[in-house]
Every structure is written in C-alpha cells, then in structure tokens.
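Visitor: sequence and computational prediction follow.
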Amino acid sequence: MPSPRTREVEHDITVSAPADAVYRLLADVAHWPRIFPPTIHAERTEGDDTEERIRIWATANGEAKHWTSRRTLDPEALRIDFRQERTADPVAAMGGAWIIEPLGPGTSRIRLLHDYRAVDDDPESLRWIDEAVDRNSRTELASLKANVEAAHAAEDHTLTFSDSVRVTGSAADLYDFIDAADHWPQRLPHVESVRLERQPSGLQDLEMETRAKDGSTHRTRSYRVCVPHERIAYKQTTLPALMSLHTGLWTFDEDTEGVTATSWHTVVINTDNIAAVLGPAATAAEALEYVRGALSANSLATLRHAKDHAEAARR
C-alpha cells in the first residue's frame, strides 16, 4: 500500500493502433528512438521479459543525458510498471505504470500512472512535482500518440538491415576508427566535413557533410552512444529528405581469429518526399531500395577503411 503522503495521479489518451502493437512498442526499448523523439538509444542492461533494468540516453533542452530504471512487464495484462532507481531533489520517490487497454480492432487507450513523494513531504515541493508530472505527462502522451500511430502505419515503409566485414585485427582498433569521426574527412573519401563534440559518459554530438555518388552533398546530425571496443549506437536528428527516421549501430564482435565489424541501420521512409527526390512515378519500395543502397555504400566504405586501419595497426 502506498504511504498516506504518496500522491497518485493518472493521465490517458486514445490512439489509433491495436493494443498489442502499442504494448510491443513500449515493452521493447529498442523501439524507443522511434516513438519517443528525445530518445537517442535505450537498452536492457539486465533481466528478462518480466523484470529488467534499462538504460536510456535522451536529449533534454539540447543536451544529451542518461539514466537507469527498473521495469516489470506483464504482456498478458498489457501493463508495464516502472520505478526510478535514483531521484533528484525535490522528488523522494517516483514510479508508475503504463497500461494499454483495447477499445476496438485498431484503437486502444494508453493510461499513464504515477505515484510519488516529495522530500520531507514538503507541501511546496509536492505542488511543484504535481505541476511537473501533469505538464510532462500530457506532453509525453500527445507525442506518444502521434509517434505510435506513425510507427504502426509506417511498418511497410520501415527497413532494418546490416553490412559486415571480417577483419584480421583487433576490436579496439576498429572501434577507435569509428569513434574518431573527427578524422573522417582525411580518412573517408565520401566525408566532406565533420564537427564532433564529445560529452561525458561516452556521448557524442556529430554533425557531418557527406558526398553522394551523383556529386550532391548532404548534411546530417547525430547523437552517438559509445561503449568502448564493443559498439556505437546513434540516432540522426537532422535527416536527408527521404528519411523520417534513421537509427544505427556499429558492433565489433571479436573471436580467436579476428573481428566481425557490422553496421546496422533502421530507416523509415518519408513518403511525402518520394516524388520530389525520385520522381512522381517512384514507389515506397523503390525509395527503400534507394536509401538502402546509399547507406550500404557509405557503411561498407567506412568498414573497409576501418579494416585497413586495424590490419595495418596489427602489422
């Protein structure tokens, strides 16, 4: 039972998507960069499909931040309970739940519950938390509605794929090549310019101008989460015209004989721009194939140069 001084509040919104689809998007944190625009990357650090600890990297007021949370998942009840492991003054405790209720074949209600206490049960602090939770919950649910509906509707316009190279070298040298994006203009022929800012906890802010095969240039901006010698995850926040979402992951899997370096991409096509970019007769399938070809070309070029760098370092 909650403490008598614990506040309990609820907010809800109706979305045009099936309840089980909404639950899957919320339950698997790999989807969060799609449905929560501030989220750069989210991952399970321990646990299973019923109890887990997750780590989240997201932007707030133009800065990238990260935190951890514990969750209990109940796919039968379409419910996810969460509890912050660390709170910030004036919050003494904070938790809650997502509950998804089916309203029809293609409609559901998302209920967002919160329970919280103020430090020392201070009334002024509690009023401050009340206002913050109410404001943030309304904003988050409105954004979630738009992005869940968009993600559900865009399944036919979404593609995940990867490219790999096998390297006789070390994961550390491969990682260092991808991590040091500020050297890419000198190392990669398709990269024109780079602005790279390193932030605490392995976070990077990367702005880059690249040149396509047709000679055109494209400027993109990404936030990257770097785990030394293992992986670099990223989310583009400034996108080319054909994409409404682009997330990616560089992985470096080392064994006794060498390393498999892989570049993963998940993209969602911006269907509003297909005609302007590819012509009035172009289809979404053609746009996906075009984007895949362009991203694969750049990824494989980067991986091959990283391979040369790592193998030269070993020699």
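Guide: Looks like it came in fine.

Visitor: point out where this protein drops to low pLDDT.
Guide: 1-4, 60-63 (pLDDT under 70).

Visitor: let's go with 80 and repeat that
Guide: 1-4, 59-66, 86-89, 200-201, 212-215, 315 (pLDDT under 80).

Visitor: tell me where it has strands.
Guide: With DSSP state E as the definition, the chain shows strands at residue ranges 7-15, 39-47, 51-60, 63-74, 79-84, 91-104, 107-118, 158-167, 191-199, 203-211, 217-227, 231-238, 243-255, 258-269.

Visitor: residue 298: which of those is closest?
Guide: Distances from residue 298 to each of the strands of the chain were compared using C-beta to C-beta; the shortest belongs to strand 203-211, at 6.7 Å. The C-beta positions use only the backbone N, C-alpha and C, and glycine is treated the same way.

Visitor: what pairs with that closest one, parallel or antiparallel?
Guide: The pairing partners recorded for strand 203-211 under DSSP bridges are strand 191-199 (antiparallel), strand 217-227 (antiparallel).

Visitor: just the CA trace of the last one, in CSV.
Guide: Yep, that's strand 217-227 we're talking about. Extracted in CSV, the C-alpha atoms of strand 217-227 (Å, rounded to 0.1, in the frame of the first residue of the first chain):
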residue,chain,number,x,y,z
THR,A,217,26.2,16.8,-50.6
HIS,A,218,24.0,16.1,-47.5
ARG,A,219,24.4,17.5,-44.0
THR,A,220,23.3,15.3,-41.1
ARG,A,221,23.5,15.5,-37.3
SER,A,222,23.5,12.5,-35.0
TYR,A,223,23.9,11.8,-31.3
ARG,A,224,26.1,8.8,-30.6
VAL,A,225,26.4,6.5,-27.6
CYS,A,226,29.8,4.9,-27.4
VAL,A,227,30.7,1.8,-25.4
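
Visitor: could we number from 51 for the rest of this?
Guide: From this message on, residue numbering opens at 51, which makes the last subject strand 267-277.

Visitor: got a list of contacts for that strand?
Guide: Outside strand 267-277, the residues within contact range by C-beta atoms under 8 Å, 6 or more residues apart in numbering are 90-91, 107, 109, 114, 116, 229, 231, 242, 252-262, 282-290.

Visitor: include mean neighbour count and distance to residue 348 when you put the strands of the chain into JSON lines, please.
Guide: Output for these, formatted as JSON lines (neighbours: other C-beta atoms under 10 Å; distance: least, C-beta to C-beta, whole Å):
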{"stretch": "strand 57-65", "mean neighbour count": "15", "distance to residue 348": "35"}
{"stretch": "strand 89-97", "mean neighbour count": "17", "distance to residue 348": "20"}
{"stretch": "strand 101-110", "mean neighbour count": "16", "distance to residue 348": "24"}
{"stretch": "strand 113-124", "mean neighbour count": "16", "distance to residue 348": "24"}
{"stretch": "strand 129-134", "mean neighbour count": "17", "distance to residue 348": "37"}
{"stretch": "strand 141-154", "mean neighbour count": "18", "distance to residue 348": "37"}
{"stretch": "strand 157-168", "mean neighbour count": "19", "distance to residue 348": "37"}
{"stretch": "strand 208-217", "mean neighbour count": "16", "distance to residue 348": "10"}
{"stretch": "strand 241-249", "mean neighbour count": "14", "distance to residue 348": "9"}
{"stretch": "strand 253-261", "mean neighbour count": "18", "distance to residue 348": "7"}
{"stretch": "strand 267-277", "mean neighbour count": "17", "distance to residue 348": "10"}
{"stretch": "strand 281-288", "mean neighbour count": "20", "distance to residue 348": "13"}
{"stretch": "strand 293-305", "mean neighbour count": "19", "distance to residue 348": "11"}
{"stretch": "strand 308-319", "mean neighbour count": "21", "distance to residue 348": "9"}
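
Visitor: quick check, central residue of this protein?
Guide: residue 83 (3.0 Å; C-alpha atoms, centre = their mean).

Visitor: contacting residues for that one?
Guide: When contacts are counted by C-beta under 8 Å, 6+ apart, residue 83 is found next to 89-92, 285, 295, 297.

Visitor: with distance to residue 326 added, can I get the residues you listed in CSV?
Guide: Listed next are the contacts of residue 83 as CSV, based on distance: C-beta to C-beta, whole Å:
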residue, distance to residue 326
89, 29
90, 28
91, 31
92, 33
285, 24
295, 18
297, 24
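
Visitor: and of the residues you listed, the nearest to residue 319?
Guide: Set against residue 319, the nearest of these by C-beta to C-beta is residue 295 (9.0 Å).

Visitor: many thanks, have a good one.
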